[in-house]
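Q: got a predicted structure plus its sequence, pasted below:
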Amino acid sequence: MDPSCWTVDLLFGHPEIDRQHQEIIAIGKEIEAAFAGNGPEPKIIEQLTMYYNLLKRHFSDEEKIMLNISQDKYKSHIDAHRHLHESILNFVANAIKDIKSGLFIEIKNLFPYAFESLAYNVKFYDSELARIAHAENSGLA
Ligand SMILES: [Fe+2]
């Protein structure tokens, strides 16, 4: 899957979050190209580590926005969105460990799962969060 396909219709409406989404897409494309070219592994590990750190910061920023919306009214959104963030971060962290243990091909074949999960996160949960935050006039500039 092309990691850029989720740029199409989504602008979160928060300059920093939108900038981070662009950065995530750019690094995602580099990782996809590196996997397609079969390496080199140290470079992919470096790119995945950068990707992990960027995602971690990005998810943390989104979760700060979640703190500004009604916690009771949107509990199901908040719980599910946080859970997906955690699941994506765990996947990328384990991918780095697994490549270091020699499972390059396995991770190369599994990694599209991370891109699909991110695409779903942005298309569904981020757009829902943006809608809620705009409606409540909280957390977004
Ligand atoms: Fe996001």
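A: Good, I have the coordinates.
Q: which strands or helices does the host helix or strand of residue 45 pack on?
A: In this assignment (DSSP states H and E), residue 45 forms part of helix 41-66. Applying 3 or more CB pairs under 8 Å, 6 or more residues apart in numbering; DSSP states H and E, one finds that helix 41-66 contacts helix 15-36, helix 75-100, helix 127-136. Backbone N, C-alpha and C define where each C-beta goes, glycine included.
Q: now the ones you listed in a markdown table, with mean neighbour count and mean pLDDT?
A: Shown next, in a markdown table, are those (neighbours: other CB atoms under 10 Å; pLDDT from 0 to 100):
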| stretch | mean neighbour count | mean pLDDT |
| --- | --- | --- |
| helix 15-36 | 16 | 91 |
| helix 75-100 | 15 | 97 |
| helix 127-136 | 17 | 90 |
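Q: residue 121 is nearest to which of the ones you listed?
A: helix 75-100 (5.2 Å; CB to CB).
Q: mind giving me the packing neighbours of that closest one?
A: By 3+ CB pairs under 8 Å, 6+ apart, helix 75-100 packs against helix 41-66, helix 104-110, helix 112-120, helix 127-136.
Q: and the last one, how far out from the chain middle?
A: Between the mean C-alpha location of helix 127-136 and the chain-wide mean there is a distance of 18 Å, by CA atoms, centre = their mean, to the nearest Å.
Q: in terms of secondary structure, what does that helix contact?
A: helix 41-66, helix 75-100.
Q: ok, residues contacting that helix?
A: The contact list for helix 127-136 (CB atoms under 8 Å, 6 or more residues apart in numbering) reads 10, 12-14, 62, 65-66, 68-70, 74, 77, 81, 139-140.
Q: Throw the helices and strands packed on helix 75-100 into a markdown table and include distance to residue 96, thanks.
A: Formatted as a markdown table, the helices and strands packed on helix 75-100 follow (distance: least, CB to CB, whole Å):
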| stretch | distance to residue 96 |
| --- | --- |
| helix 41-66 | 5 |
| helix 104-110 | 9 |
| helix 112-120 | 11 |
| helix 127-136 | 27 |
